[in-house]
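Asker: From the sequence below, what's the structure:
(chains A, B, C and D)
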Protein chains: 2
Amino acid sequence: MPSRPSRERAAKVTLNDVAMVAGVDRSVVSRVINGDPNLSVRQETRQRVLDAIDRLGYRPNAAARSLRTARAYMFGLVIPDFANPVYAEIIKGAERAAGNLGYGLMTASSGGVQLGLAHHLALLGQGRVDGLLFAGEETGHELEQLRTSAVPWLLVNRRIEGSRRYVVLDDERGSGLAVEHMVALGHRRIAHLAGPEGADTARRRRAGYTAAMTEAGLNPDPRHVVHADYTSDGGAAAMTALLRIEPRPTAVVVANVASAVGALHTLHEAGLSVPGDLSVIAIHDMPLAGHLVPALTTVRMPLGRLGERALELLATSNLTDDITEVVTEPVDVVVRASTAPPR
Amino acid sequence: MPSRPSRERAAKVTLNDVAMVAGVDRSVVSRVINGDPNLSVRQETRQRVLDAIDRLGYRPNAAARSLRTARAYMFGLVIPDFANPVYAEIIKGAERAAGNLGYGLMTASSGGVQLGLAHHLALLGQGRVDGLLFAGEETGHELEQLRTSAVPWLLVNRRIEGSRRYVVLDDERGSGLAVEHMVALGHRRIAHLAGPEGADTARRRRAGYTAAMTEAGLNPDPRHVVHADYTSDGGAAAMTALLRIEPRPTAVVVANVASAVGALHTLHEAGLSVPGDLSVIAIHDMPLAGHLVPALTTVRMPLGRLGERALELLATSNLTDDITEVVTEPVDVVVRASTAPPR
DNA sequence: CTGAAAGCGCTTACAG
DNA sequence: CTGAAAGCGCTTACAG
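Answerer: I've put the predicted structure just below:
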């Protein structure tokens, strides 16, 4: 049992109170509030009800409504880390879509409190939300728990082995475009600063990189692919490793904008000029990218649309349906100052 | 009425089902789950209950529990924008504190959906959460609505005229330290790239700047204080304005790290060297700051502690109490490469 | 020591 | 057309 914070609440106003004041049955008040089309009530009576609600400051009790209707009018989204700006866009998209459906969206992080999915199912599952979006680092084992839960769920921006319920971006195309951009500039030694080995997005971005290199008739040097987690520290370390390789690449496709911040910093420390000595492009565009030194060329991915679409699919699908969707909205290169022809 | 997503749910397991399978009354199951100390039951019976819960995959219905106990075991936090990394730290702190109390925390943004506080009160108020933290841009008018609500609330990181329920950081001290750092390096023409005029944090940081300048025997040139919103675009524009002033300042105290990113970019574009031509320090430390070019000297503020403390106060105070707390945890300067003596 | 019963605040099929 | 009643899934004071 959680400890019990002491508190006095302002007097609670219920439907009954409103009904008393308005001089009608509480079922009438309920119908007025919910706009029941089968209710016919004199305009004057309706106004009395509305006035009473206003005067008493009545607000429906969400728990009671949820219990009665078996519907919470709320969805949940679990992300690994609020500090990662990639998730901010996904959250915004999902909030927008939830709002359009008349629902709310509550976001929680799985990273801060290391409690895992069971914790979130207990906290968010059953009666609190009508569905759960997971953009985190859930494992296959945790997926099993989801299967026994009665709460509809969907993975966002990642697939997990054995799961048939996910929405992802076209990550292959994203890094493919990045490679094509470098090839068009005349680069041939194009490295890939990939994401963490375990991450599904990293795997797909790497696959897109390899495919595009092959497509361009280039045979990527295996040493030119290095892994890093999606943080600036990770990007800095991986770039340091990459700089030790001879012959040095003339261009790098970085799997994530946070890693790119660290990579740029390492290059600056090493006295290398971007894009003079090395061109850099990163996956995911955001305002920050335009203000880095030098301004970073990126591949813009439809993160907001991903969040939006995930929420829509969660809201309208049956729990037993397979959902294996790739968001097809356009992916494009935002050219800034960090890429140029090799010299 | 919201539109109604179609869905089939997995069969719902209730307390009654568990009781049937375990061969006990449902009140016993409830007491086992909640660890009622007054319950004495044979170990064997307890095990039967636990097994039944496990086998059926029973999960308590949060709505029913909330309705019955008038307690949601959940707090809410409303922030203006998930893309602002300052809030990520506050969220993490609040999640930590909520977890320690056995509560959950749900975060929503007020910026994405432009629906204001009334929307959030309807969605989160009454029965859904036991209290609401607001770190957003609520107005005095909206505060009135809070007063009529039965949900305990608290403002975080900002005060509003007329409000006696808030927790804030020592912003005066933050910018004071920044000024002292510049003074110690030998600067005398120290400008302030302040936050938005309306923002409470901006006002307090500006006051701290002015006080520290006076304390140091410096009379700040009024033209050396320019306002910008807390974004990199805002910082870039404000820095452009600052550069037009003669004599040019040799140091700038920037009210926010996001603005500082834009300011650094403007300086780079203008061909000015940091810290050679101009030293820059910003309020709020985060990993990104260490990886900017040049690495940014910052004032580290206890944002996580702010979130933590806010949640604790929300959980333990009475709604009628005044709460006017300044988090006193240490504020300190993180020296990196963007500050140096004037040349 | 355990079970039966009441009731939290709603919604909605049903009877009047 | 409106009101009375049942019931959603829990918890807990109370009776046996």
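Asker: contacting residues for the residue nearest to residue A:157 when sequence neighbours are not counted?
Answerer: Spatial nearest neighbour of residue A:157, excluding adjacent residues (C-beta to C-beta, 6 or more residues apart in numbering or on different chains): residue A:135 at 5.3 Å. C-betas here are computed from N, CA, C, even on glycine. Residue A:135 sits next to A:77-80, A:87, A:90, A:155-158 when contact means C-beta atoms under 8 Å, 6 or more residues apart in numbering or on different chains.
Asker: Need phi/psi at residue A:135.
Answerer: Backbone torsions for residue A:135, taken as degrees, to the nearest 10, come to phi -110, psi 20.
Asker: how much space between it and residue A:108?
Answerer: According to C-beta to C-beta, to the nearest Å, residue A:135 stands 11 Å off from residue A:108.
Asker: Can you pull the residues that touch both of those two?
Answerer: With C-beta under 8 Å, 6+ apart, residue A:135 and residue A:108 have common neighbours A:77-79.
Asker: Residue A:298 belongs to a helix, doesn't it?
Answerer: No: assessed by DSSP: H, G, I helix; E, B strand; the rest coil, residue A:298 does not belong to a helix; its assignment is strand.
Asker: Can you tell me the number of residues neighbouring the closest residue to it other than its chain neighbours?
Answerer: Among residues not flanking residue A:298 along the chain, residue A:285 sits closest, at 4.1 Å (C-beta to C-beta, 6+ apart). By other C-beta atoms under 10 Å in any protein chain shown, 21 other residues sit near residue A:285.
Asker: ditto for the one 3 residues further on
Answerer: Residue A:288 has 24 neighbours, counted by other C-beta under 10 Å.
Asker: Surely it is in contact with residue A:232?
Answerer: No: counting by C-beta atoms under 8 Å, residue A:232 is not a contact partner of residue A:288; they are 11.0 Å apart.
Asker: shared neighbours of the two, which are they?
Answerer: With C-beta under 8 Å, 6+ apart as the test, residue A:288 and residue A:232 both reach A:261, B:288.
Asker: Need the three-state assignment for whatever residue of the stretch 51-200 of chain A ends up closest to DNA strand D.
Answerer: Nearest residue of the stretch 51-200 of chain A to DNA strand D (C-beta to the nearest atom of the strand) works out as residue A:68 at 3.6 Å. For residue A:68, the assignment made with three-state DSSP gives helix.
Asker: Who are the contact partners of it?
Answerer: Counting by C-beta under 8 Å, 6+ apart, residue A:68 has no contacts.
Asker: Same check on the one 4 residues further on?
Answerer: Shown in contact with residue A:72 (C-beta under 8 Å, 6+ apart): A:62, A:66, A:127-130, B:63.
Asker: Which stretches in chain A count as strands?
Answerer: Listed in chain order, the strands found in chain A under DSSP state E are A:74-79, A:104-109, A:132-134, A:153-156, A:165-168, A:190-194, A:225-227, A:251-254, A:279-283, A:297-300, A:323-326, A:332-334.
Asker: Tell me which of the ones you listed is the most buried.
Answerer: The highest mean neighbour count among the strands of chain A, using mean count of other C-beta atoms under 10 Å in any protein chain shown, belongs to strand A:251-254: a mean of 31.
Asker: Partner strands of that one and their direction?
Answerer: Using DSSP bridges, the strands paired with strand A:251-254 are strand A:190-194 (parallel), strand A:279-283 (parallel).
Asker: need those in a markdown table with distance to residue B:297 and mean pLDDT, can you?
Answerer: Output for these, formatted as a markdown table (distance: least, C-beta to C-beta, whole Å; pLDDT from 0 to 100):
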| stretch | distance to residue B:297 | mean pLDDT |
| --- | --- | --- |
| strand A:190-194 | 27 | 98 |
| strand A:279-283 | 25 | 98 |
